[in-house]
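J.: quick one, what's the 3D model for this:
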Amino acid sequence: MARTLYAMEQGDSVMDFLADLDRDDPAEHAAIWRRLEQLAQDDGPRRADLFRGLGDGLFEARTRGGSRVIFFHRPRQVVICAVAYPKRSEKAPRTVLRLAADRKREYERTIPLAKNVQVVIGEGQDRPRRMPA
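T.: Presented below is the predicted three-dimensional model:
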């Protein structure tokens, strides 16, 4: 039996960043979406020119225009985009890395290692809940 996990958005969301990017810089928005699609097609980060390992299971999808998405994944199952931000320096800011690591820990604490788990973000939820209950 497949299970669905509903999870709440935590703070600034990747989708908000992408929506703003689509409005302000459609070409850059298209570039970062291509990276995310490559992740889905390749089942994880395979190309060092497009993705960079940050340690502790975190990776960074990057574009030449400076958009960054920090993500982690469970092979052949799911890619979780934890944080998105515009590049302002050579290294990812510590606060951004800390936030991504916190979200990864929360995911690992919350998601069972069972097969057939689908992650769904429910708009307006107060707290994460598992479905079926």
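
J.: helix, strand, or coil at residue 73?
T.: strand (DSSP: H, G, I helix; E, B strand; the rest coil).

J.: part of a strand, is residue 89?
T.: No - with the criterion set as three-state DSSP, the secondary structure at residue 89 is coil rather than a strand.

J.: do you know how far it is from residue 96?
T.: Going from residue 89 to residue 96 by CB to CB, to the nearest Å gives 11 Å. Placement of C-beta: from N, CA and C, glycine included.

J.: tell me which of those two has more neighbours.
T.: Residue environment comparison for residue 89 versus residue 96 gives the larger neighbour count to residue 96, 18 against 6, counting by other CB atoms under 10 Å.

J.: may I see the buried residues of whichever strand or helix holds the more buried one?
T.: Mapping residue 96 onto the secondary structure by DSSP states H and E places it in helix 94-110. Counting neighbours by 16 or more other CB atoms under 10 Å, one finds that the buried residues in helix 94-110 are 96, 97, 99, 100, 101, 103, 104, 107.

J.: and if you look at stretch 31-41?
T.: 31, 32, 33, 35, 36, 38, 39.

J.: same question for stretch 41-60.
T.: Of the residues in stretch 41-60, those with enough neighbours to count as buried (16+ other CB under 10 Å) are 44, 45, 50, 51, 54, 58, 59, 60.
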